[in-house]
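A.B. asks: Okay, structure incoming, though there's no sequence with it:
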């Protein structure tokens, strides 16, 4: 049965709220650190993207688990959904131990060798070596997110993200500048605030789950790694999503390294653009997540006959949010940028590329929802291939425009149009000519 527009919004809206709350964290970090200067702003961009690139490995595993949870939920196998969620929580905890240990040893040399500016490199190391401890809590939140999105009960996401955002805003102000009797830690304070906020979100989510979820029905907190069959199925789907997400966010980390080679001003401008951009695309990410879980649930219940119609309907719903945001972002670009910095040169450098990026969101909406439809069919090797081909072209173009041709920051950000054009075309070609109807999970 086709989901109605109301049902689509019921799933997407709590995700929108959760992403708004999560991006308050990003906006707050950027706005506060912007008051410390372009070095802190640029270093937090690179350090933050380094963290996110690693985080997206865990998020990819969770996304693969979400596809399977949604499929089992559609099939009425509710106990299996809890088993998959709990295995995801255990696997991601172990993965977090490995990654935090490895990054503490490798991050300083990696960042210092990749960044031209010594000041930016030192600040990025300070930020990253504290921020990385947040992986333990971020991965736990990923596991719970996979469960709640997979069973189409997304209300928790808004609540937990609001808790995280409120604590992060308070601690950012207190720890960056030294208020309420706490030390002024600068960029290290921003990193510590985010770690504590993520931990608080985990505590809230556990309490919420124990109070609201039927443990006997879903068997949440009762499964273990001994259920090798379902763990293998999760790994078979998730490993490719992990790599795909790592490539996606890793490419943005590489992009910022490329931009850094054109100067600290361009790097600071790009960090502000990234921060605003991540807020503007919240509806796209939410509706894409809704499309993924609706398609997977529908396949589990009805087979493949509603797949195309669901993707199209969700895409149209997303456009109702995207077009007004693109218009608002274009008109209000200068006052919005002024929230982040009072540096006139930096404001002037940022406004034009931000206005350019606002209108890529229409293409982003259509391409990314279509791409998430490909992922929902379970053909995650295909999504990895599509992402890899797109990223290679994206990074080559970015290097040519930034380093070889030394064009303006506005020209550099045209790479977003190329990225989503390719992503959409390759996803469409897969649905048009691929053998996706016969994928079994």
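C.D. replies: Received it, and whenever you're ready, just let me know what you need. Fair warning: this is a prediction, and the values are worked out from it, not measured in the lab. Residues are numbered from 1 along each chain as shown.
A.B. asks: When you work out contacts or count neighbours from here on, use the C-alpha atoms and nothing else.
C.D. replies: Will do.
A.B. asks: quick check: mean pLDDT across the helix or strand harbouring residue 196?
C.D. replies: Counting by DSSP states H and E, the element that carries residue 196 is helix 187-212. Mean pLDDT, helix 187-212: 89.
A.B. asks: Output the contacting helices and strands for it.
C.D. replies: helix 5-34, helix 118-131, helix 135-150, helix 155-177 (3 or more Cα pairs under 8 Å, 6 or more residues apart in numbering; DSSP states H and E).
A.B. asks: any low-confidence regions in the stretch 101-250 of the chain?
C.D. replies: Applying pLDDT under 70 to the stretch 101-250 of the chain flags residues 222-231.
A.B. asks: Kindly recompute the last result at 80.
C.D. replies: When residues are selected by pLDDT under 80, those of the stretch 101-250 of the chain lie in 107-108, 110-121, 152, 154, 158, 218-250.
A.B. asks: for stretch 52-63, the distance to its chain's centre please.
C.D. replies: Distance of stretch 52-63 from its chain centroid, counting by Cα atoms, centre = their mean, to the nearest Å, is 8 Å.
A.B. asks: Residue numbering should commence at 520 henceforth.
C.D. replies: Okay, residue one is now 520; in that scheme the one you just asked about reads as stretch 571-582.
A.B. asks: Pull out the buried residues from it.
C.D. replies: 571-582 (16 or more other Cα atoms under 10 Å).
A.B. asks: For residue 868, state which of those is nearest.
C.D. replies: Ranked by distance to residue 868 (Cα to Cα), those are led by residue 571 at 25.5 Å.
A.B. asks: Which helix or strand contains the closest one?
C.D. replies: helix 557-593.
A.B. asks: Report the distance from that helix to the chain centre.
C.D. replies: That offset, for helix 557-593, works out to 5 Å (Cα atoms, centre = their mean).
A.B. asks: what's the average pLDDT for that helix?
C.D. replies: With pLDDT averaged residue by residue, helix 557-593 scores 77.
A.B. asks: buried set for the following helix or strand past it?
C.D. replies: On the C-terminal side of helix 557-593, the nearest following helix or strand under DSSP H and E is helix 597-633. Neighbour counts over helix 597-633 (16+ other Cα under 10 Å) mark 597-612, 614-615, 618-619, 622, 626-627, 630-631 as buried.
A.B. asks: and if you look at stretch 543-562?
C.D. replies: 543-553, 555, 557-562.
A.B. asks: Just the endpoints, please. Distance across that stretch?
C.D. replies: In stretch 543-562, first residue to last residue: 19 Å (Cα to Cα, to the nearest Å).
A.B. asks: Can you list the neighbours in contact with that stretch?
C.D. replies: Stretch 543-562 is contacted from outside by 563, 638-640, 642-643, 646, 684, 687-688, 691-692, 695, 705-706, 709, 713, 783-784, 786-787, 790-791, 794-795, 858-860, using Cα atoms under 8 Å, 6 or more residues apart in numbering.
A.B. asks: Which ChimeraX command selects the buried ones in those?
C.D. replies: Here is the ChimeraX command that selects the buried residues among the contacts of stretch 543-562 (16+ other Cα under 10 Å):
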select :563,639,640,642,643,646,684,687,688,691,692,695,705,706,709,713,783,784,786,787,790,791,794,795,859,860
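A.B. asks: Next, count neighbours for the closest residue in space to residue 611 that isn't next to it in sequence.
C.D. replies: Nearest in space to residue 611, with sequence neighbours left out and distances taken as Cα to Cα, 6 or more residues apart in numbering, is residue 658 at 5.8 Å. By other Cα atoms under 10 Å, 29 other residues sit near residue 658.
A.B. asks: Centroid-nearest residue for this structure?
C.D. replies: residue 575 (7.1 Å; Cα atoms, centre = their mean).
A.B. asks: Run a quick check on that one versus residue 761, I expect a contact.
C.D. replies: Yes: with contact defined as Cα atoms under 8 Å, residue 575 counts as touching residue 761 (6.8 Å).
A.B. asks: List the contacts of the residue nearest to residue 611.
C.D. replies: Residues in contact with residue 658 (Cα under 8 Å, 6+ apart) are 574, 577-578, 608, 611-612, 615.
A.B. asks: what about the nearest residue to residue 872 once chain neighbours are set aside, distance to residue 871?
C.D. replies: Using Cα to Cα, 6+ apart and skipping residues adjacent in sequence, the residue nearest residue 872 is residue 929, 4.2 Å away. Remark: distance between residue 929 and residue 871 (Cα to Cα) = 6 Å.
A.B. asks: So these two - more neighbours on which side?
C.D. replies: Per other Cα under 10 Å, whichever of residue 929 and residue 871 has more neighbours is residue 929, with 19 against 16.
A.B. asks: about what we covered before: how far does the helix holding residue 715 sit from its chain's centre?
C.D. replies: So, by Cα atoms, centre = their mean, the centroid of helix 706-731 is 17 Å from its chain's centroid.
A.B. asks: Got phi/psi on residue 555?
C.D. replies: In this entry, residue 555 is assigned phi and psi values of phi -90, psi -10 (degrees, to the nearest 10).
A.B. asks: Does the residue lying farthest from the centre of the chain lie in a helix or a strand, and which?
C.D. replies: In terms of distance from the mean C-alpha position of the chain, residue 700 ranks first, at 33.9 Å (Cα atoms, centre = their mean). If you go by DSSP H and E, residue 700 is not part of any helix or strand.
A.B. asks: Tell me who's in contact with it.
C.D. replies: No contacts exist for residue 700 under Cα under 8 Å, 6+ apart.
A.B. asks: Tell me how far it lies from residue 716.
C.D. replies: For residue 700, the distance to residue 716 - Cα to Cα - is 19 Å.
A.B. asks: Show me where the stretch 820-960 of the chain has its helices.
C.D. replies: The residue ranges that make up the helices of the stretch 820-960 of the chain, judged by DSSP state H, counting those that start in this stretch, are 826-850, 852-859, 863-877, 879-895, 899-918, 928-931, 934-952.
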